[in-house]
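Visitor: I'd like to go over a predicted model; first the sequence, then the structure.
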Amino acid sequence: MAEEIAGTDTPIKTPDVPEKPALEGLEDKLNAAWREEQVYHFDEDTDRSQVYSIDTPPPTASGSLHVGHMFSYTQTDVMARYKRMSGCNVFYPLGWDDNGLPTERRVQNYYGVRCDPSKPYIEDYTPPEKPAKNQRDWDVISRRNFIELCEALTVEDEKVFEDLFTRLGLSVDWRQTYRTIDDASRAASQKAFIRDVQSGNAYTAQAPTLWDITFRTAVAQAELEAKERPGAYHRYPFTTAEGEKVFIETTRPELLPSCVALVAHPEDERYKPLFGKTVTSPLFGVEVEVKAHQLADPEKGSGIAMICTFGDMTDVTWWRELQLPTRALIGRDGRFSRETPEWITTEQGRANYEQLAGKTVHSAKEAVVEMLKAEDLLDGEPKSITHAVHFYEKGDKPLEVVTSRQWYIRNGGRDADRREQMLARGREITWHPGFMRSRYENWVEGLNGDWLISRQRFFGVPIPVWYPLDESGELDYENPILPSEEQLPVDPASEAPAGYEESQRDAAGGFTGEADVLDTWATSAITPHIAGRWERENDFFEKVFPYDLRPQGHDIIRTWLFASAVRANSLNGSVPWTNTAISGWILDPDRKKMSKSKGNVVVPNDVLDKFGTDAVRYWAASAKLGADTAYEEGQFKIGRRLAIKLLNASKFAFGMGVTEEHIVTDEAGAGVVTQPLDRALLARLKALVEQVTARFEDYDYARALSMTESFFWQFTDDYVELVKDRAYGGQGEEAQASVRAAMATTLDTLLRLFAPVLPFATDEIWRWWRSGSVHAADWPTAAGFETAAGESETLEAVAEALAAVRRAKSEAEVKQRHAITSATLTLPQAQVTHVESALEDLKAATKAEALTLSAGGEAPELSQAEYAAPEA
RNA sequence: GGAUCUGUAGCUCAGUUGGUUAGAGCGCACGCUUCACACGCGUGAGGUCGAUGGUUCGAGUCCAUUCAGAUCCA
């Protein structure tokens, strides 16, 4: 209880310590207190120099919670807490990513609804009470209605995350949350898009595009995943005018009717004579030219390949650079065109194509192979190989390449200057750890095109454009109609552009709305803008942008990190943040990445129940940034032990009469610390504070923690054991005052040093003897007790001497508390003075009635020990 | 094929700019219910630092080669 003392400004609190300190129950109690006291609120009345802003990853609220969340979010929180205590006004918002496929699926299944952007918006729509069993019976609703349902449902999901994150002790300012699908986010995303269109950074083009036939959408390079799949080289001949056979080997024989040319390396002697000549394709009888291009690999197959439009992105390159015709046959549904193409002219060829019309890629392949076999054109059996095939990261069918009109954002993939600019941006950011930058550079250097941002999905942030229709009803893609910024957010599928009536939708002379939505990364790339109220409150934005820190996982450097850099570059002409902290992954004890499908996921709440939050945070904070970490329950135990030890050691100190007023804060106070051992402790403490601070400044919270931890264990195991007698008053008042001051100062500093990692235990203790919260306290410096710091070697020497006595007792098989009537301690000359200066403490701690010091030897050693007779 | 990371005690890891005898925790062995803590305390055993070669007075640390594992990119 705090006692008001008349006439003083600083009421001294009598420490109020529970009989049996425990970690249980601290989370609820302290979280409530922090909320009440608004400890983590961002102060908007500030300027940029005081602010430390963090662009936190918005978790997918409809996704599952796993220990990986606790791991990486804790690492960020540790830094946030450090910065807050260091005097920064920390802007630490958190958002929810509820824009995208996972939410789309969840909303569909939960309510039994489907989105069709062409449907009109229904006011006060209520979903079916129970979702219909059959998807065909689901309600079909407008995009706006769908988004409203999403907003309603994700509130529930977000609650679960918020509860976990609160329990984890994240010092987030919960007033600063955002959702990537809410009005403000959609408006910001659309505004950013419009700005990029206006500045020429976004454009629309008709181009070959990677296409997922299951999801029926275009996908971007960043969403690709190469998977090893079995395939087979099929070898069959084209024929020259002279009747000579030219064999090609292909894993995709079904693309033969799409063939537009053959290609070989310009230096390939085998094919040089053929360049410029034409050959005729088997089965379909189409004449194609033999071309030369350096991307053709002489080592691969027969060294000559067929170019089809389009089998893969290399085909696209050849098609573009060799200016070949387009003969596309695979449609957006992944099936071959039902119409026989006009470039197949022979009767036999047209008949053969009939066999493929309407077939899936898989069946078409079988059909082509059958036909080749039937005509005895296949040379030998297909050769089985394993090769990398491109998949959409969420898809399970190989991607096809189809030609379609899409929106792109310039990212350096087609322009060397911009690429160099993005590399330079990467160098403006400080990476933690530094080597992660090469992931970024690798990615930027490997870009092969601009960022495709349109998605043919229903749910997401609509691309905010309309296209005029001319008198004949043709779409004019070159002159898209953009909304005014005041109109945002807008849904072009259900709202008409300015100057048009809804009745003119899809009518000649009218307009049509863009049906596509933006890639979710296009929106999450502007989380700094969304959380920072960009273009809503620009005063505010300027106080937080560019942010100080972007924490995230290394798996999304190519997506989230790069996309954010691209957009800040074009929207703001700067980096989005000056530091990025890349956390590692959680691996299971067998070193496999934890994932739901492997069934090795640990439920966060169970772990928190079992070990307590501080223990889990300790585990997360012990891992360096960027290092993948095994899930080790042993680490939780150590963290738990540390937190409990801190409670108990503090209880002991307060039991010795330590109070707030004993803390050494100035030179006058320093005079109280008279004992060399106590002064040595403070010397060690001073060094510790300096080192730990330096580690934190370098984002190396893990090293900072381990240094604080080992100091603490030496404090309890050696120092506290040595001074117990003195603390009880065994050596008089002055000696007791000295130990109280040293202990109070050390405890005060330790609580602050541990606070970022162990927020619950430290604040619990803080509240026993202080007012307010340790988390609102300043980061410690040695300034206040500097003059009380003596020679740290004393502590080291006395601790070694203590260990020597303990060893002797252990070897003599007597109990540690057994009294020594007399003994000689031999120790190196350099240590004698130090040990002498704390001889009374050493004798008391070892129950030695007489202890003679003698110089000599390499290390302290006890000899000629006489022990008291055993107690009866 | 290109790039990055990792390899240190049975296990998980730390080892700052090269500097005495390589550290911690867990686990293990032995002992101790000592007035903060048995969710504890004390003591001990345990490593030719992946391998080879080099630079250096001196290499776990720097360089080269190599082996093994992981990740990213093509």
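Guide: Nice, I can see it.
Visitor: isn't A:Trp768 up against A:Leu647?
Guide: No - between A:Trp768 and A:Leu647 there is no contact under CB atoms under 8 Å: 9.3 Å. All C-beta atoms are positioned from the backbone trio N, CA, C, and that covers glycine.
Visitor: and the pLDDT for the residue of the stretch 301-450 of chain A at minimum distance from RNA strand B?
Guide: Nearest residue of the stretch 301-450 of chain A to RNA strand B: A:Gly446, at 3.2 Å (CB to the nearest atom of the strand). The model reports A:Gly446 with a pLDDT of 90.
Visitor: okay, domains of chain A per the record?
Guide: What automatic domain parsing lists as the domains of chain A is A:232-395, A:632-790, A:803-867.
Visitor: need the nearest residue in space to A:Arg427, chain neighbours excluded.
Guide: Setting aside the residues directly before and after it, A:Arg427 is nearest to A:Arg437 in space (CB to CB, 6 or more residues apart in numbering), at 7.5 Å.
Visitor: please apply the same query to A:Phe275.
Guide: Distances taken as CB to CB, 6+ apart place A:Ala292 nearest to A:Phe275, at 4.9 Å, with adjacent residues excluded.
Visitor: I figured A:Pro120 hits A:Ile141, correct?
Guide: No - at 9.6 Å, A:Pro120 does not count as touching A:Ile141 under the criterion of CB under 8 Å.
Visitor: what's the neighbour count on A:Arg817?
Guide: Residue neighbour count, defined by other CB atoms under 10 Å, stands at 8 for A:Arg817.
Visitor: where's it, which helix or strand?
Guide: Assigned by DSSP states H and E, A:Arg817 belongs to no helix or strand.
Visitor: ditto for A:Gly460
Guide: Short version, using DSSP H and E: A:Gly460 is in no helix or strand.
Visitor: near it, how many other residues are there?
Guide: Neighbourhood size, A:Gly460 [other CB under 10 Å]: 27.
Visitor: likewise A:Tyr203?
Guide: Number of residues near A:Tyr203 (other CB under 10 Å) recorded here: 14.
Visitor: confirm it sits in a strand?
Guide: Yes - A:Tyr203 sits within a strand when classified using DSSP: H, G, I helix; E, B strand; the rest coil.
Visitor: list the contacts for it?
Guide: Applying CB atoms under 8 Å, 6 or more residues apart in numbering to A:Tyr203 gives the contacts A:Val197, A:Trp407, A:Tyr408, A:Arg410.
Visitor: ok, A:Thr251 next?
Guide: Neighbouring residues of A:Thr251 by CB under 8 Å, 6+ apart: A:Gly231, A:Ala232, A:Tyr233, A:His234, A:Ile385, A:His387.
Visitor: please enumerate the strands of the stretch 501-650 of chain A.
Guide: In the stretch 501-650 of chain A, strands defined by DSSP state E, counting those that start in this stretch lie at A:511-513, A:517-518, A:547-553, A:577-583, A:586-587, A:629-630, listed in chain order.
Visitor: quick check: the gap between the residue lying closest to A:Gln552 once chain neighbours are set aside and A:Thr846.
Guide: Nearest non-adjacent residue to A:Gln552, counting by CB to CB, 6+ apart: A:Pro57, 5.3 Å away. Relative to A:Thr846, A:Pro57 is positioned 54 Å away (CB to CB, to the nearest Å).
Visitor: and A:Gly87, by the same measure?
Guide: As judged by CB to CB, A:Gly87 and A:Thr846 stand 44 Å apart.
Visitor: between these two, which one's more packed in?
Guide: Neighbours were tallied for A:Gly87 and for A:Thr846 using other CB under 10 Å; the higher tally belongs to A:Thr846 (26 against 11).
Visitor: how about the more buried one, nearest residue that isn't a chain neighbour?
Guide: Going by CB to CB, 6+ apart, A:Thr846 has A:Val805 as its nearest residue, at 4.4 Å.
Visitor: could I get the helix or strand where A:Lys724 lies in CSV with only the CA atoms?
Guide: Secondary structure assignment for A:Lys724, by DSSP H and E: helix A:721-727. The C-alpha trace of helix A:721-727 is given here as CSV (Å, rounded to 0.1, in the frame of the first residue of the first chain):
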residue,chain,number,x,y,z
GLU,A,721,24.0,-16.0,-0.9
LEU,A,722,27.1,-14.0,0.1
VAL,A,723,25.2,-11.0,1.6
LYS,A,724,22.4,-12.8,3.4
ASP,A,725,24.0,-12.4,6.8
ARG,A,726,24.8,-8.8,6.2
ALA,A,727,21.3,-8.2,4.9
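Visitor: how far does it sit from its chain's centre?
Guide: 47 Å (CA atoms, centre = their mean, to the nearest Å).
Visitor: quick one: list the elements packing against that helix.
Guide: Contacts defined by 3 or more CB pairs under 8 Å, 6 or more residues apart in numbering; DSSP states H and E place helix A:721-727 against helix A:676-697, helix A:733-754, helix A:793-811, helix A:839-846.
Visitor: can you add distance to RNA strand B and pLDDT and give the contacts of A:Tyr203 back as CSV?
Guide: Shown next, in CSV, are the contacts of A:Tyr203 (distance: CB to the nearest atom of the strand, whole Å; pLDDT from 0 to 100):
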residue, distance to RNA strand B, pLDDT
A:Val197, 26, 97
A:Trp407, 20, 95
A:Tyr408, 16, 95
A:Arg410, 17, 96
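Visitor: go through those and give me the one with the most neighbours.
Guide: A:Trp407 (26 neighbours).
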